[in-house]
Structures are given as structure tokens and as C-alpha cells.
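Q: Coordinates for the following, if possible.
(2 chains)
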Amino acid sequence: MTTDKLVLERHKYDVLVIGAGGAGLRAAVEARESGLRVAIICKSLFGKAHTVMAEGGAAASMGNANSNDNWQTHFRDTMRGGKFLNHFRMAELHAKESPDRIWELEMWGALFDRTKEGKISQRNFGGHEYPRLAHVGDRTGLELIRTMQQKIVALQQADKREHGEYESHIKVFAELTVTEILKEDGKIAGAYGYWRESGSEVLFEAPAVIIATGGVGKTFKITSNSWEGTGDGHALALKAGANLVDMEFLQFHPTGMVWPPSVRGILVTESVRGEGGILTNNLGERFMFKYIPDVFKDKYADNEAEADRWYEDQDNNRRPPELLPRDEVARAINSEVKAGRGTEHGGVFLDVSKRLSAEIIKKRLPSMWHQFYELAGVDITKEAMEVGPTCHYVMGGVEVEPDTAAAVGVPGLYAAGEVAGGMHGSNRLGGNSLSDLLVFGRRAGMGAAAYVKQTTASPVSDATVSAAAARIEAPFARSGGENSYSLHAELQEVTHNLVGIIRTGVELKDAIEKIADIRKRSANVAVSGGRKFNPGFHLAFDLDNMLLVAESTAKSAIGREESRGGHTRDDFPGMDMGWRQYNHIASFDGNQVSVRKQSLPDMPKELFSLFDVEELKKYMTPDEVAKGGSN
Amino acid sequence: MARTLNLRIWRGDSTDGGLQDVQVEANEGEVVLDVIHRVQATQMGDLAVRWNCKAGKCGSCSMEINGKPRLACMTQVASYGDDETITVTPLRAFPVIKDLVTDVSFNYKKAMEIPAYSPPADLKPGEARMEQIDVERSQEFRKCIECFLCQDVCHVVRDHEENKKSFAGPRFFIRIAELDMHPLDTLKNRKRTAQEEHGLGMCNITKCCTEVCPEHIKITDNAIIPMKERVADLKYDPVRWLGSKIRKREGIV
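A: You can find the predicted model right below:
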């Protein structure tokens, strides 16, 4: 099938949002409410995005559970969790604006769990000093997605009343893959893609594109991510001339399911630990006490009695070490298993049955109970779960201007949510993702709207369209080439074995060569069958994106000769104050990815002064501490 | 313990199609979606199937397995006999696009017709106060993952395409019930419109929807029946009927 330009499906919008998870939907609402016409494009059906998988909650210092909480405390926790590599301005905006974003959801119909006073309930999570996560049992992500999905419908209903049609001003293009972001005269002009259902091609013309495509988990073998997490936005942005910042930092969530094999990697929410779940090895030892790093020694209990008391009295006891940031817990579990103290299936035990009654477990962790009962035959109200690390979240992503979410270097391009980088530094705290996507989804919508109002749209040229169409046609024209499923499996082996939770320079070098080889062969992928809903064809494009992501990650990881957050080097096990001063910037020249160092922006004095100097000395050089931040 | 499984898959599109037999390896603990993926990766690269989370949370991999509407990711291969052939077919109530993928746009159209949440005009963000016990009634319905198995199994539309126009289906009855029971929603006539505009009256309470719901939402008992009872009270109670005429009330509280 060739694309006849006379019949090519064309759409014109003010703003295109790629991705219909939390960030994309929040961005779309903002852009529409500022008066613009908006298209939302997503690979799945509307309402199925990976945000539905978020379980624990959304972090916001509303102070409902502990009135001592405030944005400054949330900001400090976020910076600590990221080991001070975060972009300070993003962490500041996030901490300040999260409460408003949660309350706004409530105005749109969200029904969070309540406190006794009838306010939004907040739960404990790793790395958060106070109970801070607004939640709905353990299905908070579903509540976010559904609330925003229904907000979009509400906007459509308003448009119908005013303009006579539901979809006149905001339309969801579901099951459509974007293969290219289009530029003319050095700025954004639209996007090109195909309907997954029919395989037929579509051109969108728009002066602004917001990328909100989520993560990259499918690049790895064991992951909590769905098939959609193939780094599309990361790759689309790279190819459009944007930068990716700090791609070496990947979060391996400490607790994924490990048994049976078919569910390996599926997330076990951190709420299990927040609600009092403890981690033990095959000797029955509660091992986390051995793994409290120096920088956190004053905040975490070093004995069981104190850790247990904390659940009742948080003001006079330190937190249990099960609630350390995720990178610490994941490494600890990895070490226990490597030392031969793991479970039969290569995990450790996570047990909440000894602390909570069956009734409370089923009420507070309903989907966990369901998930283990139905998929593993384990009743978590009576027995322990087996858990181990799973690739969960990428801290790295598109380099953006914090206030507007504008991608650095590409006028008209915006990025928000997991696909954007900088906010979480080297490690994200649980609960900060749902609030991130609300805060920066909204800011991206605002940023794009402001840009659209002061720019003129560039029409997409025929030459640009022809080139984009040729790329889609290519895999059908080949015969007897490589199989996209096998290449994907091969890539996952390479990343799992060589770019995983513990890395070495030698292995990373090997990985870079192997990824390059797979990329070379992927240029020869052939597709069987027709264009109509053909997963083999779809995977060919996803694979291309995953390969660029893997290359960016491996090349960023080999450069950073230290261990920090979601990047652990066996050959450089310590955290290095010198390296804290740099981000890694990946860019693409059309042929390969290259990575360079870039100085981190200086934290201004008013944010710097929120920290105890003694704490900063653990992360910063004496010169930085003496300087005390920028003016 | 790997074994060979006989899988029968419906393949085709809106014009033509039929069942095809394949043999595929099945391992301990695997679900039906795992073996479908294995067929896709090794034997039928273009086999169409929807899926996302593979953990029963997104409601994408809805299909009919041995004739029953189910999520393929939550259906254990081991729940069928060792010699039993497992037959997978697309949802019957919706038009086939290709293989196991159907056109579920009916549901998204119906979603647009349900009036949105309507908070009190003077409510400020952050000021809402609700009791846990009051939000729990609506929370039950908000567990819905929109797998549309209830829509598929409902006999009002399963074999009666002509009813689709005037029938929103169980998924949207719980949406209406959820809003109706929302402690702060101000729209007063939701039950009446459920009856008059969304086809609540066509449901004759066979509870098939409740049986297939993977989230175990009591669709019939907790949403449909209470709404039907209230509608019946209001319609047939002569005192109330008279009251509504005299005061000319818009809504029914």
C-alpha cells in the first residue's frame, strides 16, 4: 500500500499532545482551557495509559495527616532522594504546586480516601518525612487517569453545548502511533504517524507538540512497565534535535513480583512497606538495618524496636529502614540475593500479614491482595510475598526549561511527566511521579499555549511528508529480513545483563557495541502480514525507539564514574562530590548518540538555606558549601 | 514444567474469519495472554491482540475464552484441564477489527452522553469535606477498569444491535450511580435520566454483568437495583407524583 498524498488524512490543531497518561491529559486540559484546539494522540485506547498502574499515591504537602508538613520539607525530601542532582527549580515548583493540583482533581470528581476530619488522607512512603501521599486504596493512578479522562469528556460536553459537537475543540486519537515529530524552518510544524487499527497514515499540522509518552521500561527484560513504555518520546525528541539529560539514571523498584515467571516484574506497591510490611531474607533476618547509608543514618532506625514504634509515634522515633529511598532498598535486596540469602525464586520476603489484620490488608491494599491471590496463588493476609527489583522508572529524559516545560533547543516542543528529565535527579521518591505529571503537565499546557499565541504556524512541506511516509513503508518492502520480536528480546538481554542495576565499565563498553550491532540489523527488519492491526509492524517502530534509548543510557552510564541513585557502578562504588556538579546531556546527530557533561545550575541562596549545612557537606564540595548558593 | 497446549484462535476481520488451531508451549503459572504472546512471537507475527498492563489493572485484554468474557491476563492456563483445548475469540457484542481486537468505540460514545460531575458552585479547591463511609459507595464503582466485559455479556445488546442506540450498558449505569452517590454532586436528576435516556429500564437484572466483572463490583445489587427501586418509587408513589406536579420540581431528590 502506498500513500496517496491526495487522500492522506490531515488534521490541523493548535497543540498536539502525544501520550494520554496523566501528564498528557493534564497538559491537554490546560491547553484547551486557555482557548486552544487540542489533539491528544495515544498508542492505546483512551484511559489505558501506564498511569493506571500507579498504586501508592500522589505526594503533596497538604499537611492533612501531619500539620508540620510544608513545601519546604517536601522540597528537601525530593532533593535528598535525588542525591542533589535534581534541577532545583523543578523540585521547587513541584513541591510548591502539588497540593493545588490534588485539590483541583477533587474539583473534577476524584474521590480520595479521607481522614477522620473528612480531608484527603495521606500515607507514608519511602523518603518522605511525613505522611504525604494522597491515595485511593492502592489504585491511585487509576483514579487520576479516570478523573482526567472524565474532565476531558466534561470539556467536550461544554464544547458540544457551545459549538454543537463533542470533538470540535479537543479530540482523542486513540490507537495511533507517532513515528516522527515534524519541523520546518527550525521549529515544530506537526507530527506524522499511522492508525494502529488500519495502518493508514496521518499528518498532524500544529505549531506546538507536547511529548508526554512516559517511560522506557520495555527496553529491559524485567520491568513493571506495559508494552507502551518503549521510550517513544525520548527518541522522537532526540531525533527532533532535543537533548536527553541524565539517561544513566533508571529506577529499579525494589519490589516487583518474582514468581511465577509470567508475572516477573509486575509491581508490588511501596504502600505495602508504607503500611508496615517488612523485608526478610531466607534466614528470617530483617536485613534492611544493615544497609542504612551514612547520609541517612540520623533519619532511619537502626533497631527493630524503634522501627516498630515509629508506626505509632513518628515524632519520637526514626523511620524503619524499609522506607529508605527506592535505590537503597533495591541495592540491598540485590546484595542479599547475590549473597545466597534469597528465596527459592531469587527474591526476598515481604510480609505485611504479621502487622495488619486480614480485613485491613484487604481494605488498604485491595489490588495487591487480588494480584497475588489470582496470579501467584499467595494469600498476603496469611503469608509473605516474594519480591525483587524490577525496572520501573527513568529519571533521565528530555531537557526542559522548568517553568514552561519547553524542550531546550527546539522551539514549539514541550515535554512533561516521566519523559522529561531533571525533576528527580538520580532517584525519584515514590509518590513524586503522580504529582510531577500533574504539576508539569499543567505547566507544559500553559507553556505551549503561550508559545502558540505568539507564533505563526509553519505549513508542512511535501518533501517532509514524503520522507516520513517512506519510513513507514520501508519494513513492508523488505523480505527475509530480521524479526522484530527476536531483536527486541536480544536487546532486553543486553540491557538486563550489562546496563542493569549494577554496572561496570567493561560491561557497558560491551553493551554499547552490542546495541550498535542490533541497531544495524534493525535497519533490515521485515514485517509479515498487512498493515491492519499488525503488532509485528508496530514493534518495528517501537524497537527503533528503544534502541536509541538504550544507546543513550549505556553511553551516559559509561561516562559517569561514580555510584549515585539509580546508577550503580561496581568499579566506582562511591558517590563523588565532583560528579554531583554535572548532568549528562545526550544528543543525536542522525547517526549516533553522543554524550557530554554540562554544569548543574546553582541552587539560589533561599533554597540552599533550607538545608542544614552539615547535611549539605555530605553531598557538596567545601567550596560549594562555603559559597552557599547563587544570588 | 512446560507442556504443549492446544489453542484455538479466531483469526480474521470484519469481512471474513474463522478458528485456527495452533500448538504452543505453556509454562507453569502462565496466563492465556502469555501463550497468545508466544504464538505471536513465534508463529503468527501479525496476530492482533490488545493488552497493556498484564496485571488486571487496565482492562485492555478483554476477549472470550471458551465462550466466557474474560481478561486474558488474569486467566490461568492451569485453570483448564491438561487435555482441554482453549478457544479464544473476540468480544461478541462489538464489531471485529482484526483477530482478537474489536471496535469498542460504542463505549466511548456512551461515556460522552453521561453528564459530568457537577460540584457546588461555591466549593473552593481544598475545602471539600467528605466522610470515608460516604465516599466508599462511589469508590466501589470507580474501581472500574473499563474492560467492557459487562457491556459484552449484557444480553440487551449482545445479540441485539438495535438496542445499542438507547442503552448505555452496565458500565455506564455504575458511572451514573457513582455520580448520583457522590457526596458533593449537585445534579439532581441522574436516576431519572438513567431510566429515560440511558435505558436503565431495559435491564432485567440477570446479573451477568456482575458475574464477569474482574473487579468484583456488585454492578446489579449496588448500582442498578437501587437506582431502579428509586425510579420506581418516584414514578409510582401517588403522593410523590402529586408533589412533583404541584411544586413542578425539575429533579427528583
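Q: Spit out the contact partners of the nearest residue to A:Asn68 once chain neighbours are set aside.
A: Using CB to CB, 6 or more residues apart in numbering or on different chains and skipping the chain neighbours, the partner closest in space to A:Asn68 is A:Tyr130 (6.4 Å). Where you see a C-beta, it was placed from the backbone N, CA and C, and this is true even at glycine. A:Tyr130 makes contact with A:61, A:63, A:65-66, A:68-69, A:73, A:122, A:314 under the criterion CB atoms under 8 Å, 6 or more residues apart in numbering or on different chains.
Q: Identify those among those residues that sit within strands.
A: Residues from those lying in strands, with DSSP state E as the criterion: A:Gln122.
Q: Residues of the stretch 201-350 of chain A that sit close to chain B?
A: Residues of the stretch 201-350 of chain A that fall close to chain B, judged by CB under 8 Å from any CB of the partner chain: A:226-228, A:259-263, A:266-267.
Q: tell me the two of those that are most distant?
A: Farthest-apart pair in those is A:Glu228 and A:Trp259; separation 24.9 Å (CB to CB).
Q: Can you report how many residues lie near A:Ser168?
A: Using other CB atoms under 10 Å in any protein chain shown, the number of residues around A:Ser168 comes to 13.
Q: what residues are up against it?
A: When contacts are counted by CB under 8 Å, 6+ apart, A:Ser168 touches A:37, A:159-160.
Q: nearest to chain B, of these?
A: Minimum separation from chain B among the contacts of A:Ser168 (CB to the nearest CB) is found for A:Lys160, which lies at 7.9 Å.
Q: tell me the phi and psi of the closest one?
A: phi -60, psi -40 (degrees, to the nearest 10).
Q: Spell out which parts of the stretch 101-250 of chain B neighbour chain A.
A: Residues of the stretch 101-250 of chain B found near chain A, taking CB under 8 Å from any CB as the criterion, are B:101, B:104, B:108, B:111-112, B:114-117, B:119, B:123, B:125-126, B:128-132, B:135, B:138-139, B:142-146, B:179, B:182.
Q: which of the residues you listed are buried?
A: Buried positions within those, assessed by neighbour count (16 or more other CB atoms under 10 Å in any protein chain shown), are B:101, B:104, B:108, B:111, B:114-117, B:119, B:126, B:128, B:130, B:135, B:138-139, B:142-146, B:179, B:182.
Q: Excluding sequence neighbours, find me the nearest residue to whatever residue of the stretch 151-253 of chain B ends up closest to chain A.
A: Closest contact between the stretch 151-253 of chain B and chain A, by CB to the nearest CB, is at B:His182 (7.0 Å). Using CB to CB, 6+ apart and skipping the chain neighbours, the partner closest in space to B:His182 is B:Ser138 (5.1 Å).
Q: who does the helix or strand where the one you found lies touch, helix- and strand-wise?
A: Following DSSP states H and E, the helix or strand that holds B:Ser138 is helix B:132-142. In terms of contact count using 3 or more CB pairs under 8 Å, 6 or more residues apart in numbering or on different chains; DSSP states H and E, helix B:132-142 is assigned the packing partners helix A:140-163, helix B:170-181.
Q: can you map out the helices along the stretch 401-550 of chain A?
A: Counting by DSSP state H, counting those that start in this stretch, the stretch 401-550 of chain A has these helices, from start to end: A:432-453, A:462-477, A:484-498, A:505-522, A:535-559.
Q: just these: most buried one?
A: Ranked by mean neighbour count under mean count of other CB atoms under 10 Å in any protein chain shown, these are led by helix A:432-453, which reaches a mean of 26.
Q: related to what we said a few turns ago, so which of the helices and strands packed on helix B:132-142 comes closest to A:Asn583?
A: Each of the helices and strands packed on helix B:132-142 was scored for nearness to A:Asn583 using CB to CB, and the closest is helix A:140-163 (28.5 Å).
Q: Tell me the one of the contacts of A:Tyr130 nearest chain B?
A: Closest approach between those and chain B, by CB to the nearest CB: A:Gly63, at 10.8 Å.
Q: Can you say which of the contacts of A:Tyr130 are buried?
A: When neighbours are counted using 16+ other CB under 10 Å, those contain these buried positions: A:61, A:63, A:65-66, A:69, A:73, A:122, A:314.
Q: List just the nearest of these to B:Asn163.
A: Nearest to B:Asn163 out of the buried ones among the contacts of A:Tyr130 is A:Gln122 (CB to CB; 45.5 Å).
Q: Please name the nearest non-neighbouring residue to that closest one.
A: In space, A:Gln122 comes closest to A:Ala65 once its chain neighbours are excluded; the distance is 4.1 Å by CB to CB, 6+ apart.
Q: what's the distance between the residue of the stretch 151-253 of chain B closest to chain A and A:Ala110?
A: Separation of B:His182 from A:Ala110 (CB to CB, to the nearest Å) stands at 10 Å.
Q: any chance you could read off phi and psi for the nearest residue in space to A:Val202 that is not next to it in sequence?
A: Excluding the flanking residues, the one nearest A:Val202 by CB to CB, 6+ apart is A:Glu9, at 4.7 Å. As for A:Glu9, its main-chain torsions (degrees, to the nearest 10) stand at phi -70, psi 130.
Q: Let's see the pLDDT reported for A:Glu9.
A: In this prediction, A:Glu9 carries a pLDDT score of 97.
Q: quick one: A:Met385 and A:His345 touch, right?
A: No. With contact taken as CB atoms under 8 Å, A:Met385 and A:His345 are classed as non-touching, separated by 11.1 Å.
Q: Comparing these two, which residue is more hemmed in?
A: The residue with the greater number of neighbours, taking A:Met385 and A:His345 and applying other CB under 10 Å, is A:Met385; the counts read 25 against 13.
Q: which residue sits closest to the more buried one, ignoring its sequence neighbours?
A: Nearest residue to A:Met385, sequence neighbours excluded (CB to CB, 6+ apart): A:Leu350, at 4.7 Å.
Q: Same question for A:Leu85.
A: With CB to CB, 6+ apart as the measure, A:Gly425 is the residue that lies nearest to A:Leu85, at 3.6 Å, once sequence neighbours are left out.
Q: show me what contacts that neighbour?
A: Counting by CB under 8 Å, 6+ apart, A:Gly425 makes contact with A:79, A:81-87, A:91, A:246, A:249, A:395, A:565.
Q: mind listing which of the residues you listed are in helices?
A: Applying DSSP state H to these, the entries found in helices are A:79, A:81, A:91.
Q: sorry, back to before: which one of the contacts of A:Gly425 sits in the busiest neighbourhood?
A: Neighbour count (other CB under 10 Å) singles out A:Asp246 as the most crowded of the contacts of A:Gly425, with 33 neighbours.
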